[in-house]
Each structure stands twice: as C-alpha cells, then as structure tokens.
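S.K.: How does the following fold in three dimensions:
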Amino acid sequence: MKTIELRAKTGAELDQELSSLLRAQFSLRMQKATQQLTNTNQLRILRRDIARVRTLITEKASQK
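M.R.: All right, here's what the predicted structure looks like:
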C-alpha cells in the first residue's frame with residue numbers, strides 16, 4: 001500500500017483500513033499457526049502497512 005494513497009483518505013477511512021488490516025493480520029497468524037501459510041513474507045508486509053496507517057492516523061490527529 002502506498003503512502004500517497006493513504007494520505008488522501010480521511011480519518012474515518014484510515015480507521016476502517018486499520019481494522020481490515022488487523023483482521024487480515026489475525027487471519028495470516030492463524031494460517032501460520034496451522035502451517036497453512038506458504039508465503040511468510042506477507043506477515044512482514046502487513047505489519048508495515050499497519051504501521052504506516054497508524055503513523056498517518058497519529059499525524060492527522062496532531063494536525064487538528
């Protein structure tokens with residue numbers, strides 16, 4: 001996910017994006033635990049996307 005795309009979103013959209021990313025992370029963690037996850041790099045990418053969204057939420061909150 002590109003930062004430029006995220007910056008165009010509103011605070012509510014970012015919150016929604018964060019919740020969907022957290023659900024996806026949970027799903028991938030369960031797949032990893034049951035040994036169904038073949039590409040473990042997806043977890044790393046997802047963690048970084050979550051960090052990006054959280055950073056932008058914090059930035060938008062501090063601007064107000």
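
S.K.: how much space between the residue most central in space within the chain and T38?
M.R.: Centroid-nearest residue in the chain: I50, 2.8 Å away (criterion: CA atoms, centre = their mean). Counting by CB to CB, to the nearest Å, the gap between I50 and T38 amounts to 21 Å. C-beta here means a position set from N, CA and C on the backbone, and glycine is covered the same way.

S.K.: Buried residues of the host helix or strand of S62, list them for me.
M.R.: In this assignment (DSSP states H and E), S62 forms part of helix 41-63. Buried residues in helix 41-63, counting neighbours by 16 or more other CB atoms under 10 Å, are found at 43, 46, 49-50, 52-53, 56-57.

S.K.: re earlier: can you tell me how far the residue nearest to the centre of the chain is from L28?
M.R.: Distance, I50 to L28, using CB to CB: 12 Å.

S.K.: now E13
M.R.: 22 Å.

S.K.: So the two - more neighbours on which side?
M.R.: Taking other CB atoms under 10 Å, E13 and L28 do not tie; L28 has more neighbours (19 against 11).

S.K.: Find the helix or strand that that one is a member of.
M.R.: helix 11-33.

S.K.: give me every residue that touches the residue nearest to L22 when sequence neighbours are not counted.
M.R.: Distances taken as CB to CB, 6 or more residues apart in numbering put I50 closest to L22, at 6.7 Å, once the chain neighbours are dropped. Counting by CB atoms under 8 Å, 6 or more residues apart in numbering, I50 touches 18, 21-22, 25.

S.K.: Dump the residues you listed into JSON lines; add distance to R7, pLDDT and neighbour count as well.
M.R.: Listed next are the contacts of I50 as JSON lines, based on distance: CB to CB, whole Å; pLDDT from 0 to 100; neighbours: other CB atoms under 10 Å:
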{"residue": "L18", "distance to R7": "15", "pLDDT": "97", "neighbour count": "17"}
{"residue": "L21", "distance to R7": "16", "pLDDT": "98", "neighbour count": "19"}
{"residue": "L22", "distance to R7": "20", "pLDDT": "98", "neighbour count": "13"}
{"residue": "Q25", "distance to R7": "22", "pLDDT": "97", "neighbour count": "16"}
